[in-house]
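S.K.: Okay, sequence plus prediction incoming.
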Amino acid sequence: MALVRLRKLGLLRLKNHACESRSAASKAQTKESELGPIFQYVGQHRKPKDKVFVWGFSYTGALGIPSFVIPDSGRKKRRKYQFTPYRLDTAEQISSAACGYGFTLLSSRTRDVTKLWGMGLNKDSQLGFQCSRHDREKSYDYVLEPSPVHLPLARPQETRVVQVACGRAHSLILTDSEGVFSLGNNAYGQCGRKIVEDEVYSGSHVIHKIEGFDSRVTQVACGQDHSLFLTETGRVYACGWGADGQTGLGSYDMASRPVPVAGDLAGVRVRQVTSYGDCSLAVSQGGELFGWGNSEYLQLSAVTEAMQINSPQHLPVEEAGKVQQAACGGTQVAVLNDKGELFVWGKNVRGCLGIGKADDQFFPWRVTVPGHVLDVACGVDHTVALVKSLM
């Protein structure tokens, strides 16, 4: 890919070598998406393929569709919102996706040197240092197409990226053999390194390898300005902003290095951690739910009327159904059931629910996605779904 500097808008656009050959198909797909969902029958012997679908607010480039932001010859105006799932063309098989505040990370478990891509807002270098071939000194503030994010790996062709996570302006990348890397804004220690007063994050080359865990990290999660880590022993660590108790460390202070989380999680083996905004959740191996942090939207009302909890508490949710995965954004919730169906509800900020309209949704509504949903990631105003699709 070649990078073209767009001086007037200060945006980054990556030229795809295949874009000319896809132009006719892309115009047709654009017309179809404006008319509504198009259903297509496929042969019974056709094998499902892994696809990426995106929807929500597009102006930052977080959806990875350049023509939504800078119209090409086939489009008259910019598309501010995408109200239904839109397929993103990617050459690689994407295995993990994460949505930040106006940006997106995608990763593949490939052993190729390039295994991580970013798109959208990059003013704090949360997508790494992004520059064109002609200007290596200037880093772009916006990335309109999936662009490679290079990691300082010791064994780039052996190490795989397992998972990615995004916060307000920072990112975490988990690998299978070289640990966890962080990049972006570290004003509150959310990147797991020492806070540097007046540090400039724009155009930064800093990618930090986080240390200090009792065993190998198996999962990472980002809140707005804090980070959570789960190790193979089932222990949870946290760092970053703690003013709402979201780190779960028993205080409302900041932590610039990972610290073990206790409270009701003491002695509990955890299998999943998740966070967004300033609320954090953990699921135990036995299927019990624990929560801490901000409860402004009554997320933790099962155990308290307080607005904040600074230490994990057990949440009684026996009435919950067969949920395989849950994701939360700034205003919305997305749930996958055991048959791979995606349901959403909440405040439909900038079309983030993907239900085909701008209205809010106050009870679970199934999103029409052509295939079996494998994974879903929610941002503050956009969503990404990884789908096993026949189309």
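M.R.: Yep, it's here.

S.K.: mind checking the end-to-end distance for stretch 106-117?
M.R.: The straight-line separation of the ends of stretch 106-117 (Cα to Cα, to the nearest Å) is 5 Å.

S.K.: Distance from the chain centre to it, please.
M.R.: With Cα atoms, centre = their mean, to the nearest Å as the basis, stretch 106-117 stands 15 Å off its chain's centre.

S.K.: same question, stretch 281-292
M.R.: Going by Cα atoms, centre = their mean, where stretch 281-292 is centred and where its chain is centred differ by 21 Å.

S.K.: so which helix or strand takes in the residue nearest to Phe362 when sequence neighbours are not counted?
M.R.: Of all residues not flanking Phe362 in the chain, Trp345 sits nearest, at 6.3 Å (Cβ to Cβ, 6 or more residues apart in numbering). Yep, even glycine has a C-beta here, placed from its N, CA and C like the rest. Taking DSSP states H and E as the criterion, Trp345 maps to strand 342-346.

S.K.: Relative to that strand, what are the paired strands and their orientations?
M.R.: strand 332-337 (antiparallel), strand 361-366 (antiparallel) (DSSP bridges).

S.K.: tell me the most buried of those?
M.R.: strand 332-337 (a mean of 20; mean count of other Cβ atoms under 10 Å).

S.K.: quick one: pLDDT of the residue nearest to Phe362?
M.R.: As predicted, Trp345 sits at a pLDDT of 74.

S.K.: Centre-most residue in the protein?
M.R.: In the chain, the residue lying closest to the centroid (Cα atoms, centre = their mean) is Ala98, at 1.5 Å.

S.K.: List of residues touching the host helix or strand of that one?
M.R.: Per DSSP H and E: Ala98 is located in strand 96-99. Strand 96-99 has contacts (Cβ atoms under 8 Å, 6 or more residues apart in numbering) with 52, 62, 104-107, 161-166, 171, 222, 329, 375, 377-380, 382-386.

S.K.: If we use 6 Å, what do you get?
M.R.: For strand 96-99, the external contacting residues (Cβ atoms under 6 Å, 6 or more residues apart in numbering) are 105-107, 163-166, 377-379, 382, 384, 386.

S.K.: which of those lies closest to Ser139?
M.R.: Nearest to Ser139 among the contacts of strand 96-99 is Leu105, at 16.7 Å by Cβ to Cβ.

S.K.: quick one: contacts for Leu230?
M.R.: The contact partners of Leu230, by Cβ under 6 Å, 6+ apart, come to Thr218, Gln219, Val236, Val270, Val273.

S.K.: on that earlier part again, of all the contacts of strand 96-99, which two lie farthest apart?
M.R.: Pairwise distances across the contacts of strand 96-99 peak at 19.1 Å for Gln163 and His382 (criterion: Cβ to Cβ).

S.K.: For the stretch 251-391 of the chain, just list every one of the strands.
M.R.: With strands called from DSSP state E, counting those that start in this stretch, the stretch 251-391 of the chain shows them at 255-260, 270-276, 279-284, 289-294, 308-315, 323-328, 332-337, 342-346, 361-366, 372-378, 382-389.
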